[in-house]
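S.K.: show me how the following folds:
(2 chains)
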There are 2 protein chains.
Amino acid sequence: MTLADQSALFLEDISVGQRFVSATHVLDSDQIKAFAAQFDPQPFHLDEQTAEDTFFGGLAASGWHVAAITMKLLVGNGASIAGGLIGAGGEIAWPKPTRPGDVLRVESEVLEVKPSRSRPDRGTITLRSETRNQRGEVAQVFTAKLVVPRRSETVQV
Amino acid sequence: MTLADQSALFLEDISVGQRFVSATHVLDSDQIKAFAAQFDPQPFHLDEQTAEDTFFGGLAASGWHVAAITMKLLVGNGASIAGGLIGAGGEIAWPKPTRPGDVLRVESEVLEVKPSRSRPDRGTITLRSETRNQRGEVAQVFTAKLVVPRRSETVQV
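M.R.: Take a look at the predicted model:
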């Protein structure tokens, strides 16, 4: 992706109800353990045996690992926004554990499109992204506010 | 940390207003680029030069990288909860970009403690964690609901 990508979406190109579907990511236990060792070194993310006696009842990916993979899938082709995917924040939830062998895909929907009152060169959208596994179960929901440039002005991104 | 860690906190040990302060993490541009290459490959997280012409006006860490470092700091010594730090979800915001050279620290405060109505062996707490840089600026706020076991029952974590 480049910032001048012709297919990238400006605020004017985005409407409520618009949907994006990403490619998939296949997770394995090596990835789960490597991420956990660096950022979330808890027994249920690091070792199959130890994980069995925990809340998760087996090895599970860190929620932050799921969030990071979700971002990779969104940036890859889930939602191509002009100037990039720039989140101010949002709400995140992990309704189901993510396990070795899970195949993750992100399905996003635009909930709101809002031009900025103070900055005519931009606006925000609210994007709800569900990260689903191969059984269609929702492993993560992230509802984010994203900064999106407008096409109609000289864009200062 | 082990699950039998004597200093780990059960629901009964936690009260509203309780605070935790983590160790620090020094971020550099190599870490920013390595995380971005794997999970958030956008120009403003990957290359100093390209980043100058973007929304961020220079290299900035992925918000998910800041979230992951925050988790590392919390797990390390920020808040030692019995059974581990298990988040059901929460609200996240990134009020300030995080830059190479920033030194991050997490300051957490318990906002709510709530025994489960249906599960006598556990409850939830709401923990607000501010990730601050060396200038005291808040780079991230994460307000999370965490699952915490109770001491008074036979604990099934």
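S.K.: okay, CA-based contacts and neighbour counts for the rest of this
M.R.: OK.
S.K.: next, the buried residues of the helix or strand where residue A:50 lies.
M.R.: Secondary structure from DSSP states H and E places residue A:50 in helix A:48-51. The neighbour-count check on helix A:48-51 (16 or more other CA atoms under 10 Å in any protein chain shown) flags A:48, A:50-51 as buried.
S.K.: please apply the same query to stretch A:104-118.
M.R.: For stretch A:104-118, by 16+ other CA under 10 Å, it's A:104-113, A:115.
S.K.: does any part of that stretch sit near chain B?
M.R.: No: figure legend: stretch A:104-118 not in contact with chain B (CA under 8 Å from any CA of the partner chain); closest approach 13.8 Å.
S.K.: list the contacts of that stretch.
M.R.: A:11, A:14-27, A:70, A:73-74, A:78-79, A:122-134 (CA atoms under 8 Å, 6 or more residues apart in numbering or on different chains).
S.K.: the helices in chain A, which residues?
M.R.: Under the criterion DSSP state H, chain A contains helices at A:29-39, A:43-46, A:48-51, A:63-73.
S.K.: gap between the second one and the chain center?
M.R.: With CA atoms, centre = their mean, to the nearest Å as the basis, helix A:43-46 stands 23 Å off its chain's centre.
S.K.: just stretch A:109-118 next, same as before
M.R.: 18 Å.
S.K.: show me which residues of chain A sit near chain B.
M.R.: Contacts of chain A with chain B, taken as CA under 8 Å from any CA, map to A:1-2, A:38-43, A:53-55, A:63-65, A:67-69, A:71-72, A:75, A:83-84, A:87-95, A:156-157.
S.K.: mind doing that once more with 7 Å?
M.R.: Residues of chain A lying near chain B by CA under 7 Å from any CA of the partner chain: A:39-40, A:42, A:54-55, A:64, A:68-69, A:71-72, A:75, A:84, A:88-95, A:157.
S.K.: and the closest residue to residue A:140 other than its chain neighbours, how many neighbours?
M.R.: Leaving aside its chain neighbours, residue A:140 sits nearest to residue A:94 (4.4 Å; criterion: CA to CA, 6 or more residues apart in numbering or on different chains). Look at residue A:94: counted by other CA atoms under 10 Å in any protein chain shown, it has 22 neighbours.
S.K.: got it, and residue A:67?
M.R.: There are 23 residues near residue A:67, going by other CA under 10 Å.
S.K.: what's the answer for residue A:74, then?
M.R.: Neighbours of residue A:74 (other CA under 10 Å): 24.
S.K.: state the pLDDT value of it.
M.R.: Note for residue A:74: predicted pLDDT of 94.
S.K.: also the one 4 residues further on?
M.R.: According to the predicted model, the pLDDT of residue A:78 comes to 66.
S.K.: return the set of buried residues in stretch A:32-44.
M.R.: A:32-33, A:35-36, A:39-44.
S.K.: likewise for stretch A:17-25?
M.R.: Per 16+ other CA under 10 Å, stretch A:17-25 contains these buried residues: A:19-22, A:24-25.
S.K.: please save the CA atoms from that stretch in PDB.
M.R.: Provided in PDB are the C-alpha atoms of stretch A:17-25 (Å, rounded to 0.1, in the frame of the first residue of the first chain):
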ATOM      1  CA  GLY A  17     -23.200  -0.500   6.400                       C
ATOM      2  CA  GLN A  18     -20.100  -0.800   4.100                       C
ATOM      3  CA  ARG A  19     -18.400  -4.100   4.800                       C
ATOM      4  CA  PHE A  20     -14.800  -5.400   4.400                       C
ATOM      5  CA  VAL A  21     -13.600  -9.000   4.600                       C
ATOM      6  CA  SER A  22      -9.900  -9.800   5.200                       C
ATOM      7  CA  ALA A  23      -7.700 -12.700   4.100                       C
ATOM      8  CA  THR A  24      -7.100 -15.400   6.700                       C
ATOM      9  CA  HIS A  25      -4.300 -16.100   9.200                       C
END
